[in-house]
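Visitor: Provide a 3D model corresponding to the input given below.
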Amino acid sequence: MFDGFAELQVKTDEATIFTRVGGSGPPLLLLHGYPQTHAIWHKIAPALAEHFTVVAADLRGYGDSSKPASDERHEPYSKRAMARDQVAVMRHFGFERFMLAGHDRGGRVAHRLTLDHPEAVERVAVLDIVPTHKLFATVNKAVASGYYHWFFLIQGNGLPEHLIGADPEFYLNVKMGLWSGDGFRFADEAWAEYLRCFSDPAMIHASCEDYRAAASIDLEHDEADMDRKIDCPLLVLWGERGLVEKEYDVLETWRERAADVRGSALPCGHYLPEEAPDATLEQMLGFFTG
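Guide: Sure, this is the predicted structure:
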(Lines give C-alpha, C1' and ligand atoms only; values in the text may rest on other atoms or scores of the structure.)
Protein backbone atom coordinates (compact mmCIF):
# COMPACT_ATOMS: atom_id res chain seq x y z
CA MET A 1 0.00 0.00 0.00
CA PHE A 2 1.04 3.63 -0.60
CA ASP A 3 3.84 2.80 -3.03
CA GLY A 4 6.08 5.81 -3.49
CA PHE A 5 4.92 7.51 -0.30
CA ALA A 6 7.34 8.45 2.44
CA GLU A 7 6.62 7.65 6.11
CA LEU A 8 7.25 10.45 8.59
CA GLN A 9 6.54 11.05 12.27
CA VAL A 10 5.79 14.75 12.75
CA LYS A 11 6.26 16.14 16.26
CA THR A 12 3.88 18.95 17.16
CA ASP A 13 3.68 20.83 20.45
CA GLU A 14 1.08 18.36 21.73
CA ALA A 15 1.48 15.04 19.94
CA THR A 16 3.46 13.04 17.39
CA ILE A 17 1.51 12.40 14.21
CA PHE A 18 2.27 9.56 11.80
CA THR A 19 1.99 10.54 8.16
CA ARG A 20 2.47 9.17 4.68
CA VAL A 21 3.38 11.78 2.11
CA GLY A 22 3.49 11.43 -1.66
CA GLY A 23 3.02 13.21 -4.96
CA SER A 24 3.48 16.83 -5.93
CA GLY A 25 1.31 19.82 -6.55
CA PRO A 26 -1.24 21.59 -4.32
CA PRO A 27 -1.40 20.13 -0.78
CA LEU A 28 -4.24 17.79 0.20
CA LEU A 29 -4.64 16.44 3.74
CA LEU A 30 -6.56 13.16 4.21
CA LEU A 31 -8.02 12.20 7.61
CA HIS A 32 -9.53 8.83 8.55
CA GLY A 33 -12.26 7.72 10.92
CA TYR A 34 -13.10 5.12 13.56
CA PRO A 35 -11.87 2.45 14.07
CA GLN A 36 -9.38 2.83 11.25
CA THR A 37 -6.15 4.59 10.32
CA HIS A 38 -4.83 6.49 7.31
CA ALA A 39 -4.90 3.11 5.50
CA ILE A 40 -8.53 3.76 4.50
CA TRP A 41 -7.15 5.93 1.68
CA HIS A 42 -4.88 3.25 0.21
CA LYS A 43 -6.98 2.67 -2.91
CA ILE A 44 -7.19 6.32 -3.98
CA ALA A 45 -4.17 8.07 -2.47
CA PRO A 46 -1.78 7.05 -5.30
CA ALA A 47 -4.16 8.46 -7.93
CA LEU A 48 -4.65 11.65 -5.90
CA ALA A 49 -0.86 11.95 -5.66
CA GLU A 50 -0.74 12.36 -9.45
CA HIS A 51 -2.40 15.76 -8.92
CA PHE A 52 -1.58 16.79 -5.34
CA THR A 53 0.96 16.57 -2.59
CA VAL A 54 -1.00 14.10 -0.48
CA VAL A 55 -0.56 13.90 3.29
CA ALA A 56 -2.44 10.95 4.82
CA ALA A 57 -2.27 11.20 8.61
CA ASP A 58 -3.25 9.13 11.62
CA LEU A 59 -5.30 11.21 14.04
CA ARG A 60 -3.89 11.54 17.54
CA GLY A 61 -4.87 8.47 19.51
CA TYR A 62 -5.10 6.30 16.37
CA GLY A 63 -2.74 4.16 14.35
CA ASP A 64 0.92 5.00 14.85
CA SER A 65 0.30 8.53 16.15
CA SER A 66 0.87 9.19 19.84
CA LYS A 67 -1.83 8.71 22.45
CA PRO A 68 -1.64 11.69 24.85
CA ALA A 69 -3.03 11.36 28.36
CA SER A 70 -6.56 12.68 28.66
CA ASP A 71 -8.27 14.69 31.40
CA GLU A 72 -11.67 14.94 33.06
CA ARG A 73 -12.99 17.21 30.28
CA HIS A 74 -11.52 15.01 27.52
CA GLU A 75 -9.95 18.14 26.02
CA PRO A 76 -6.89 16.32 24.60
CA TYR A 77 -9.28 14.36 22.38
CA SER A 78 -11.50 17.26 21.40
CA LYS A 79 -11.78 17.88 17.69
CA ARG A 80 -10.22 21.27 18.39
CA ALA A 81 -7.06 19.62 19.73
CA MET A 82 -6.99 17.11 16.88
CA ALA A 83 -7.38 19.95 14.39
CA ARG A 84 -4.41 21.79 15.93
CA ASP A 85 -2.29 18.70 15.31
CA GLN A 86 -3.14 18.61 11.64
CA VAL A 87 -2.56 22.33 11.06
CA ALA A 88 0.87 21.87 12.66
CA VAL A 89 1.55 18.84 10.44
CA MET A 90 0.82 20.80 7.28
CA ARG A 91 2.93 23.71 8.45
CA HIS A 92 5.76 21.23 9.08
CA PHE A 93 5.63 20.40 5.38
CA GLY A 94 5.55 24.09 4.46
CA PHE A 95 1.81 24.40 3.77
CA GLU A 96 -0.03 27.30 5.41
CA ARG A 97 -3.09 26.69 3.22
CA PHE A 98 -4.33 23.35 1.92
CA MET A 99 -7.27 21.24 0.79
CA LEU A 100 -8.79 18.82 3.25
CA ALA A 101 -10.85 15.63 3.23
CA GLY A 102 -12.06 13.66 6.24
CA HIS A 103 -13.99 10.43 6.58
CA ASP A 104 -16.09 9.71 9.68
CA ARG A 105 -14.17 11.04 12.75
CA GLY A 106 -11.75 12.69 10.35
CA GLY A 107 -14.70 14.55 8.87
CA ARG A 108 -15.54 15.89 12.32
CA VAL A 109 -11.94 17.03 12.77
CA ALA A 110 -12.13 18.62 9.31
CA HIS A 111 -15.32 20.47 10.27
CA ARG A 112 -13.73 21.89 13.43
CA LEU A 113 -10.43 22.66 11.66
CA THR A 114 -12.27 24.64 9.00
CA LEU A 115 -14.09 26.70 11.66
CA ASP A 116 -11.03 27.27 13.88
CA HIS A 117 -8.53 27.84 11.05
CA PRO A 118 -10.53 29.18 8.09
CA GLU A 119 -7.44 30.83 6.66
CA ALA A 120 -5.80 27.40 6.31
CA VAL A 121 -8.48 25.58 4.30
CA GLU A 122 -9.07 26.20 0.61
CA ARG A 123 -11.68 23.47 0.09
CA VAL A 124 -13.00 20.72 2.36
CA ALA A 125 -14.74 17.39 1.84
CA VAL A 126 -16.51 15.34 4.52
CA LEU A 127 -17.45 11.69 3.96
CA ASP A 128 -20.49 9.93 5.43
CA ILE A 129 -21.30 12.18 8.36
CA VAL A 130 -23.70 14.84 9.50
CA PRO A 131 -22.45 17.41 12.04
CA THR A 132 -21.91 16.06 15.56
CA HIS A 133 -24.29 18.55 17.17
CA LYS A 134 -27.01 17.69 14.64
CA LEU A 135 -26.71 13.99 15.31
CA PHE A 136 -26.99 14.34 19.09
CA ALA A 137 -29.93 16.71 18.68
CA THR A 138 -31.86 14.32 16.42
CA VAL A 139 -31.30 10.92 18.02
CA ASN A 140 -34.20 8.54 17.45
CA LYS A 141 -34.48 4.76 17.62
CA ALA A 142 -32.86 4.23 14.23
CA VAL A 143 -29.91 6.53 14.96
CA ALA A 144 -29.39 5.12 18.46
CA SER A 145 -29.48 1.57 17.09
CA GLY A 146 -27.21 2.22 14.12
CA TYR A 147 -24.77 4.39 16.07
CA TYR A 148 -25.02 2.53 19.38
CA HIS A 149 -21.24 2.81 19.78
CA TRP A 150 -21.59 6.59 20.27
CA PHE A 151 -23.26 5.82 23.58
CA PHE A 152 -21.29 2.68 24.46
CA LEU A 153 -17.83 4.23 24.01
CA ILE A 154 -18.58 7.25 26.22
CA GLN A 155 -19.24 5.10 29.29
CA GLY A 156 -16.73 5.58 32.10
CA ASN A 157 -14.88 3.32 34.53
CA GLY A 158 -13.04 1.55 31.72
CA LEU A 159 -16.12 -0.44 30.70
CA PRO A 160 -15.84 -0.17 26.89
CA GLU A 161 -12.05 -0.49 27.02
CA HIS A 162 -12.32 -3.73 28.98
CA LEU A 163 -15.04 -5.26 26.82
CA ILE A 164 -13.44 -4.33 23.49
CA GLY A 165 -9.97 -5.28 24.71
CA ALA A 166 -11.13 -8.79 25.55
CA ASP A 167 -11.41 -9.56 21.82
CA PRO A 168 -10.52 -6.63 19.52
CA GLU A 169 -10.64 -8.77 16.38
CA PHE A 170 -14.23 -9.86 17.09
CA TYR A 171 -15.21 -6.25 17.73
CA LEU A 172 -13.63 -5.02 14.50
CA ASN A 173 -15.23 -7.80 12.46
CA VAL A 174 -18.68 -7.03 13.80
CA LYS A 175 -18.40 -3.24 13.78
CA MET A 176 -16.90 -2.86 10.33
CA GLY A 177 -19.06 -5.62 8.90
CA LEU A 178 -22.22 -3.84 10.03
CA TRP A 179 -21.19 -0.58 8.37
CA SER A 180 -19.92 -1.88 5.04
CA GLY A 181 -22.02 -2.92 2.08
CA ASP A 182 -23.24 -6.47 1.65
CA GLY A 183 -20.46 -8.81 0.60
CA PHE A 184 -17.71 -6.21 0.78
CA ARG A 185 -14.28 -7.48 1.87
CA PHE A 186 -11.51 -5.16 3.04
CA ALA A 187 -8.10 -5.58 1.42
CA ASP A 188 -5.96 -8.00 3.43
CA GLU A 189 -3.16 -5.46 3.90
CA ALA A 190 -5.53 -2.77 5.14
CA TRP A 191 -7.37 -5.14 7.46
CA ALA A 192 -4.06 -6.30 8.95
CA GLU A 193 -3.20 -2.67 9.69
CA TYR A 194 -6.55 -1.98 11.33
CA LEU A 195 -6.24 -5.07 13.50
CA ARG A 196 -2.61 -4.38 14.43
CA CYS A 197 -3.37 -0.86 15.54
CA PHE A 198 -6.70 -1.58 17.22
CA SER A 199 -5.16 -4.42 19.23
CA ASP A 200 -3.22 -1.78 21.18
CA PRO A 201 -5.03 -1.04 24.47
CA ALA A 202 -3.79 2.55 24.24
CA MET A 203 -5.63 3.04 20.93
CA ILE A 204 -8.79 1.45 22.29
CA HIS A 205 -8.71 3.88 25.22
CA ALA A 206 -7.85 6.89 23.06
CA SER A 207 -10.67 6.13 20.63
CA CYS A 208 -13.10 5.99 23.57
CA GLU A 209 -11.77 9.39 24.65
CA ASP A 210 -12.45 10.68 21.14
CA TYR A 211 -16.13 9.76 21.56
CA ARG A 212 -16.27 11.02 25.14
CA ALA A 213 -15.03 14.36 23.87
CA ALA A 214 -17.70 14.33 21.16
CA ALA A 215 -20.42 14.00 23.81
CA SER A 216 -19.04 16.75 26.01
CA ILE A 217 -16.43 19.37 25.15
CA ASP A 218 -17.01 19.12 21.39
CA LEU A 219 -20.67 19.99 21.91
CA GLU A 220 -19.64 23.02 23.97
CA HIS A 221 -17.43 24.18 21.11
CA ASP A 222 -20.17 23.50 18.56
CA GLU A 223 -22.81 25.36 20.56
CA ALA A 224 -20.51 28.39 20.83
CA ASP A 225 -20.24 28.39 17.02
CA MET A 226 -23.85 27.80 16.00
CA ASP A 227 -23.98 31.16 14.23
CA ARG A 228 -20.85 30.43 12.19
CA LYS A 229 -20.70 28.67 8.87
CA ILE A 230 -17.94 27.06 6.86
CA ASP A 231 -17.14 29.72 4.28
CA CYS A 232 -15.07 27.70 1.81
CA PRO A 233 -16.56 25.23 -0.69
CA LEU A 234 -17.73 21.98 0.94
CA LEU A 235 -18.14 18.59 -0.75
CA VAL A 236 -20.34 16.09 1.06
CA LEU A 237 -20.28 12.42 0.04
CA TRP A 238 -22.11 9.57 1.73
CA GLY A 239 -23.04 5.93 1.19
CA GLU A 240 -26.51 5.28 -0.18
CA ARG A 241 -26.73 2.06 1.86
CA GLY A 242 -25.89 3.65 5.18
CA LEU A 243 -27.66 5.32 8.09
CA VAL A 244 -26.82 8.87 7.01
CA GLU A 245 -28.77 8.38 3.77
CA LYS A 246 -31.73 6.79 5.56
CA GLU A 247 -32.11 9.30 8.39
CA TYR A 248 -31.05 12.70 7.03
CA ASP A 249 -31.45 15.06 4.12
CA VAL A 250 -27.69 15.22 3.99
CA LEU A 251 -27.13 18.23 1.75
CA GLU A 252 -29.77 20.33 3.48
CA THR A 253 -28.33 19.37 6.87
CA TRP A 254 -24.90 20.60 5.81
CA ARG A 255 -26.36 23.77 4.32
CA GLU A 256 -27.24 24.71 7.89
CA ARG A 257 -23.50 24.72 8.62
CA ALA A 258 -21.87 25.85 5.35
CA ALA A 259 -22.48 28.46 2.67
CA ASP A 260 -21.40 26.51 -0.43
CA VAL A 261 -22.39 22.82 -0.35
CA ARG A 262 -22.47 20.21 -3.07
CA GLY A 263 -22.25 16.40 -3.16
CA SER A 264 -24.13 13.14 -3.55
CA ALA A 265 -24.64 9.60 -2.31
CA LEU A 266 -22.34 6.88 -3.66
CA PRO A 267 -23.24 3.20 -4.24
CA CYS A 268 -21.75 1.75 -1.06
CA GLY A 269 -21.91 1.54 2.70
CA HIS A 270 -19.90 3.63 5.15
CA TYR A 271 -16.34 3.13 3.89
CA LEU A 272 -16.47 5.15 0.68
CA PRO A 273 -12.74 5.24 -0.23
CA GLU A 274 -12.51 1.45 0.09
CA GLU A 275 -15.97 0.31 -1.05
CA ALA A 276 -16.42 2.77 -3.93
CA PRO A 277 -12.90 4.01 -4.71
CA ASP A 278 -13.53 4.95 -8.34
CA ALA A 279 -16.63 7.02 -7.58
CA THR A 280 -14.97 8.62 -4.53
CA LEU A 281 -11.88 9.49 -6.55
CA GLU A 282 -13.94 10.97 -9.38
CA GLN A 283 -15.89 13.19 -7.00
CA MET A 284 -12.82 14.32 -5.08
CA LEU A 285 -10.77 15.05 -8.18
CA GLY A 286 -13.60 17.04 -9.72
CA PHE A 287 -14.04 19.06 -6.55
CA PHE A 288 -10.42 19.68 -5.60
CA THR A 289 -9.28 20.50 -9.14
CA GLY A 290 -12.40 22.55 -10.04
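Visitor: For the rest of this, base every contact and every neighbour count on C-alpha atoms.
Guide: OK.
Visitor: Summarise which helices and strands the strand or helix carrying Arg212 is packed against.
Guide: Per DSSP states H and E, Arg212 falls inside helix 201-214. If contacts are counted by 3 or more CA pairs under 8 Å, 6 or more residues apart in numbering; DSSP states H and E, helix 201-214 sits against helix 159-165.
Visitor: Work out the gap between stretch 163-180 and the centre of the chain.
Guide: Centroid separation between stretch 163-180 and its chain, computed with CA atoms, centre = their mean, to the nearest Å, is 18 Å.
Visitor: cool, stretch 247-262 as well?
Guide: 18 Å.
Visitor: Show the average pLDDT along it.
Guide: Per-residue pLDDT values over stretch 247-262 give a mean of 98.
Visitor: What is the end-to-end distance of that stretch?
Guide: 19 Å (CA to CA, to the nearest Å).
Visitor: How about residues contacting whichever helix or strand comes after the helix holding Arg212?
Guide: Next in sequence after helix 201-214, counting helices and strands by DSSP H and E, comes helix 217-224. Here helix 217-224 makes contact (CA atoms under 8 Å, 6 or more residues apart in numbering) with Arg73, His74, Glu75, Ser78, Lys79, Arg80, Thr132, His133.
Visitor: Can you list phi and psi of the residue nearest the centre of the chain for me?
Guide: Most central in the chain under CA atoms, centre = their mean is Gly106, positioned 1.8 Å from the mean C-alpha point. Backbone geometry at Gly106, expressed as degrees, to the nearest 10, gives phi -60, psi -30.
Visitor: Go ahead and confirm it touches Leu31.
Guide: Yes. Gly106 lies in contact with Leu31 (CA atoms under 8 Å); the separation is 4.7 Å.
Visitor: Return the residues in contact with the residue nearest to the centre of the chain.
Guide: So Gly106 contacts Leu31, His32, Gly33, Leu59, Val126 (CA under 8 Å, 6+ apart).
Visitor: And for His74?
Guide: Taking CA under 8 Å, 6+ apart, one finds Glu209, Asp210, Arg212, Ala213, Ser216, Ile217 in contact with His74.
Visitor: Next one, pLDDT for it please.
Guide: 98.
Visitor: neighbours around Phe252, how many?
Guide: For the record, residue 252 is Glu, not Phe. 12 (other CA atoms under 10 Å).
Visitor: now Asp225
Guide: When neighbours are counted by other CA under 10 Å, Asp225 comes out with 14.
Visitor: And for the one 3 residues further on?
Guide: Other residues near Arg228 come to 14 when the count uses other CA under 10 Å.
Visitor: before we move on, what about Ser180?
Guide: 21.
Visitor: Please apply the same query to Ser65.
Guide: 21.
Visitor: does it sit in a helix or strand, and which one?
Guide: Using DSSP H and E, Ser65 falls outside every helix and strand.
Visitor: and it, what does it touch?
Guide: So Ser65 contacts Gln9, Ala15, Thr16, Ile17, Phe18, Asp58, Leu59 (CA under 8 Å, 6+ apart).
Visitor: Quick check: the gap between the second one and Asp85.
Guide: If I follow you right, that is Ala15. 7 Å.
Visitor: who touches both of the two?
Guide: With CA under 8 Å, 6+ apart, Ala15 and Asp85 have common neighbours Arg60.
Visitor: which residues in the stretch 151-290 of the chain form strands?
Guide: 234-239, 261-266 (DSSP state E, counting those that start in this stretch).
Visitor: got these as JSON lines, with mean neighbour count and distance to Gly183 columns?
Guide: JSON lines is the format used below for the strands of the stretch 151-290 of the chain (neighbours: other CA atoms under 10 Å; distance: least, CA to CA, whole Å):
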{"stretch": "strand 234-239", "mean neighbour count": "24", "distance to Gly183": "15"}
{"stretch": "strand 261-266", "mean neighbour count": "18", "distance to Gly183": "16"}
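Visitor: So which of those strands is nearest Phe152?
Guide: Closest to Phe152 of those, according to CA to CA: strand 234-239, at 23.6 Å.
Visitor: what helices or strands is that closest one leaning on?
Guide: strand 121-127, helix 243-247, helix 250-255, strand 261-266.
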